[in-house]
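[1] generate coordinates for the sequence data below:
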Amino acid sequence: MDKELIEKYKNELMRIYRSAHGAPAKPAAAQTPVQKAPDTFSGQQGVYDPGQPYEHVDSTDENGRLTLMVSALNGLYPVPEAKITVFTGDYEQMDVKDTGITDQSGKSKTFELYAPSKSLSMQSGATELPYALYNVLVEADGFASNLHLNIPVFKGVTSMQRSNLMPTASLGGGEGPIVYNELSKYPL
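    Prediction:
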């Protein structure tokens, strides 16, 4: 590729990044070379810092966390303003734990959810699972709903769940929900 085109693209991305984070955008002629992003998590929701894993583990945390990324066409397009409902129990008789709306990038807020102690994974023959299971309903205008069942949530860990919505037109007008069972049992 043309080096000039690559440099122009990098400068444009940096301008967008600066404007999104409150830094004044520099005129195109005064752009400086791209600087390396900080190697620490900024704590600002929705900001990805290279070199840092998304999963956050904190042994003192009393809860588990769950974040959803909602998209369409196999992850090609984010779906903003999708309604997320996190619940336990049956679909017909939901025990709603929390709700939220996705942002412009299709990302939900981080849901704080109860999860049992990690020490259960160290006990042979434990009757309780070392994680909690939650269900998630994802709804958006123009798309069939997705129902994700049995999403495991671990104490002190932020889990990421992807949800790919199908346009109702591609389903002949059906509104769903399309059901996905996320449970995979592993012997501990």
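
[2] pLDDT score assigned to residue 98?
    For residue 98, the pLDDT comes out at 96.

[3] distance of residue 79 from residue 171?
    15 Å (CB to CB, to the nearest Å). To be clear about C-beta, it is placed using only N, CA and C from the backbone, and glycine gets the same treatment.

[4] can you pick out the residue with more neighbours from the two?
    The neighbour count for residue 79 versus residue 171, taken as other CB atoms under 10 Å, is higher for residue 79 (22 against 13).

[5] which residues does residue 134 bridge with?
    Assessed by DSSP bridges, residue 134 has beta-bridge partners residue 151.

[6] quick check: it touching residue 84?
    No. Taking contacts as CB atoms under 8 Å, residue 134 lies outside contact range of residue 84: 11.2 Å.

[7] what average pLDDT does the biggest strand by length in the chain get?
    In the chain, assigned by DSSP state E, the strand with the most residues is strand 63-72. Strand 63-72 carries an average pLDDT of 94.

[8] before we move on, what about stretch 106-125?
    Here the average pLDDT along stretch 106-125 is 81.

[9] stretch 165-177 now?
    Mean predicted lDDT for stretch 165-177 stands at 84.

[10] distance between the ends of it?
    10 Å (CA to CA, to the nearest Å).

[11] what are the buried residues along that stretch?
    165, 166, 168, 176 (16 or more other CB atoms under 10 Å).

[12] and those residues, which is closest to residue 110?
    residue 165 (20.3 Å; CB to CB).
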